[in-house]
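Colleague: turn this into a model:
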Amino acid sequence: MARKHRIGNAIRRLRFEHGEMTQQQLADAVGVTRQTIVAMEQSKYSPSLELAFLVADVFGQKVDEVFWLDKEGGE
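Modeller: Residues are numbered from 1 along each chain as shown. Modelled structure (predicted):
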């Protein structure tokens, strides 16, 4: 049976480091709903590659500085 892994992220930390950006502000910047940002922050939604690049770009980071494979968080 294949083990599932979650995509961990630093979105919440980065939002606060960038002037306490709200989830809605980030959502507007990348063209998704606030609920999508919430789900990504909680590792309940894995973003598309395009969305991952857009989020990283908002924060001036590389994709792998914002997202990573969380091998321990899988079920």
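Colleague: just give me the longest helix of this structure.
Modeller: Scanning the chain for the helix with the most residues, using DSSP state H, yields helix 49-58.
Colleague: next SSE downstream of it?
Modeller: Proceeding N to C from helix 49-58, the next assigned helix or strand is helix 63-66, under DSSP states H and E.
Colleague: which strands or helices does that next one pack on?
Modeller: Applying 3 or more Cβ pairs under 8 Å, 6 or more residues apart in numbering; DSSP states H and E, one finds that helix 63-66 contacts helix 49-58. Where you see a C-beta, it was placed from the backbone N, CA and C, and this is true even at glycine.
Colleague: gap between the helix it packs on and the chain center?
Modeller: Distance, stretch centre to chain centre, for helix 49-58: 8 Å (Cα atoms, centre = their mean, to the nearest Å).
Colleague: ok, stretch 42-51 next?
Modeller: Centroid separation between stretch 42-51 and its chain, computed with Cα atoms, centre = their mean, is 6 Å.
Colleague: repeat for stretch 16-33
Modeller: Distance, centroid of stretch 16-33 to centroid of chain: 11 Å (Cα atoms, centre = their mean).
Colleague: what residues sit buried inside it?
Modeller: Neighbour-count burial for stretch 16-33, with 16 or more other Cβ atoms under 10 Å as criterion, is recorded at 21, 23, 26-27, 30, 32.
Colleague: okay, that stretch in PDB with CA atoms only?
Modeller: Extracted C-alpha coordinates of stretch 16-33, given in PDB (Å, rounded to 0.1, in the frame of the first residue of the first chain):
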ATOM      1  CA  PHE A  16       3.100  37.400   9.300                       C
ATOM      2  CA  GLU A  17       6.600  38.200   8.300                       C
ATOM      3  CA  HIS A  18       5.200  40.200   5.400                       C
ATOM      4  CA  GLY A  19       3.200  42.800   7.300                       C
ATOM      5  CA  GLU A  20       0.700  40.400   8.800                       C
ATOM      6  CA  MET A  21      -0.800  39.700   5.400                       C
ATOM      7  CA  THR A  22      -4.300  38.300   5.700                       C
ATOM      8  CA  GLN A  23      -5.300  35.100   4.100                       C
ATOM      9  CA  GLN A  24      -7.700  37.100   1.900                       C
ATOM     10  CA  GLN A  25      -4.900  39.400   0.700                       C
ATOM     11  CA  LEU A  26      -2.700  36.300  -0.300                       C
ATOM     12  CA  ALA A  27      -5.700  34.700  -2.000                       C
ATOM     13  CA  ASP A  28      -6.300  37.800  -4.000                       C
ATOM     14  CA  ALA A  29      -2.700  38.100  -4.900                       C
ATOM     15  CA  VAL A  30      -2.600  34.500  -6.300                       C
ATOM     16  CA  GLY A  31      -6.100  34.300  -7.700                       C
ATOM     17  CA  VAL A  32      -7.700  31.700  -5.400                       C
ATOM     18  CA  THR A  33     -10.300  31.800  -2.600                       C
END
